[in-house]
Structures are given as C-alpha cells and as structure tokens.
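1. model this:
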Amino acid sequence: MEMKEIESAVEGILFASGEPVQTDRICVALEMDRPTVEQVLQKLMDYYAYERRGIRLLHMEDTWQLCSAPDYADVIRRAFEIRKPAKLSQPALEVLTIIAYYQPTTRAYVDQIRGVDSAYTISLLLDRKLIEECGRLQVPGRPHLYRTTKQFLRAFHLTSLDDLPELPDLGGEGQMRIREDGQIVDPAEEAAVTGADTPETAGPMEEAET
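-> Model (predicted):
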C-alpha cells in the first residue's frame, strides 16, 4: 500500500473501534512493522492538530484513539444534548493526585495522607472512570487496590504516567493536587500567589475537556 492508503486504513481502524486501539493490533491488521505504523500515527496526530480539524488523535501509553477536538466540546454537547460533567472538587483532585503518584494504592493509604475518610471521593472517581480497581493487597482484610485509567490520561492530556510532573516536596503543608493543565499544586506557593488562606478556599477545578 502507498502511504496515503496506509493513513486511510489506520483512520478506518481507529474510527470503527471507537475505543483505544493498541499499536500492535494495528500492525497486525496492516501486516506492517511497528516503526512504520507509529510514523503514520504520529503524522495523523500532527495533521489533525495543525489543521485544527474537528477530531484529534490521542496517544495514551501504547494505544491510540480518535476523539472530538476539545475546541468544539460545547457545540457537540448542544448537538447531542449532553450534559457538561460536573467539576471535580478539591477533595476529588487531592485523592486523584495521590492515586496517580502512588498507584496501585489502597483507600487506607489515601486516608492516611489526607487525614480524612476518602470512601465517598473514591466512589465518585470510580463513577467518573478516572480510577479503577486493580486487584487486592495481600494483607489481612485484602483491601482493594486502585490505579488511574486511560480516561484519566485523556482528561489531563497525558500520553502516559511518565508525563506527570515531578512530585514536589510539600513539607507537610496542605494537600497536593493536580491542576487543569496537569501541573502539581503546592498549596503553600499557591496561597502566596493568590492570597488564599488555605486550599479549601479555592473553588472546584474541572479536568480538561475530552
């Protein structure tokens, strides 16, 4: 196949799936080597972004997915009468940050860091498909282990967990959390900049459009 045909075939595979597709699966379908397929995928991703098309190609770990461009999220919601997701509260962002950096981890560990019960917040994040259960810790009681999902990567525009910024030393003051742009917030520094007394005075944040 010529390069244009390969690009069209890849588009067709990704469109038909509607879900993240592994690179190896595309290689098998096209009977092509991985470097060539990855080159095509990267070219398509750059093309959609540069031409400001209504779709984007997302790269998440070793998978690829076509999705609508975040610029047109409001238009798409109006077209299909989709409700805008509720904003994530600060407690939810705190819990999500802890799980993102210490995964797989248990609710007890999250509670230990935050100093409060996180059961409701973890349930909320499970419902939003930002985290998922990934087995049990082999200790008495066998508590559930939690980790982030591909939806988490998609929501915060991350290709993989390696893209998370380095975790700062918070010195025990306040709770760490992820900002909309994927940066980790140091509550002490944030308070100095914004004049806020504590992180609790800030309004809820929302993850990026998907």
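2. now the element after the helix or strand hosting Gln39, going C-ward?
-> Here Gln39, judged by DSSP states H and E, is contained in helix 34-50. Later in the chain than helix 34-50, the nearest helix or strand by DSSP H and E is strand 55-60.
3. that next one vs helix 34-50, what angle?
-> Calculated by axes from the mean of the first three to the mean of the last three Cα atoms, to 10 degrees, strand 55-60 forms an angle of 130 degrees with helix 34-50.
4. mind checking how far strand 55-60 is from the chain centre?
-> Relative to the centre of its chain, strand 55-60 is centred 12 Å away, using Cα atoms, centre = their mean, to the nearest Å.
5. run me through the strand neighbours of it, direction for each.
-> Next to strand 55-60 in the sheet, as set by DSSP bridges, lie strand 63-68 (antiparallel).
6. hang on, isn't Leu126 packed against Glu132?
-> Yes. Assessed by Cβ atoms under 8 Å, Leu126 is found in contact with Glu132 at 6.9 Å. C-beta: built from backbone N, CA, C; applies to glycine.
7. more neighbours: which of these two?
-> Glu132 (18 against 15; other Cβ atoms under 10 Å).
8. list the contacts of the host helix or strand of the more buried one.
-> Taking DSSP H and E as the definition, Glu132 sits inside strand 131-136. Outside strand 131-136, the residues that touch it by Cβ atoms under 8 Å, 6 or more residues apart in numbering are 96, 99, 103-104, 122, 125-126, 142-149, 152.
9. buried ones among these?
-> 96, 99, 104, 122, 125, 144-149, 152 (16 or more other Cβ atoms under 10 Å).
10. quick check: the farthest pair among the residues you listed?
-> His144 and Phe152 (17.0 Å; Cβ to Cβ).
11. for the spatially closest residue to Ala108 that is not a sequence neighbour, give me its contacts.
-> Closest residue in space to Ala108, ignoring its immediate chain neighbours: Pro143 at 6.1 Å, by Cβ to Cβ, 6 or more residues apart in numbering. Pro143 makes contact with 106-108, 136-137, according to Cβ under 8 Å, 6+ apart.
12. show me where the chain has strands.
-> Along the chain, counting by DSSP state E, strands occupy 21-22, 55-60, 63-68, 105-106, 131-136, 144-148, 177-178, 184-185.
13. which one of the ones you listed is the most hemmed in?
-> strand 177-178 (a mean of 24; mean count of other Cβ atoms under 10 Å).
14. what average pLDDT does it get?
-> For strand 177-178, mean pLDDT rounds to 60.
15. repeat that for stretch 52-71.
-> Stretch 52-71 carries an average pLDDT of 91.
16. when you give positions from now on, start the count at 35
-> Shifting the count to begin at 35 puts that one at stretch 86-105.
17. got the contact list for that stretch?
-> Contacts for stretch 86-105 (Cβ under 8 Å, 6+ apart): 45, 48-49, 51, 53-58, 60, 75, 78-79, 81-83, 106, 110, 184, 187-188, 192-194, 242-244.
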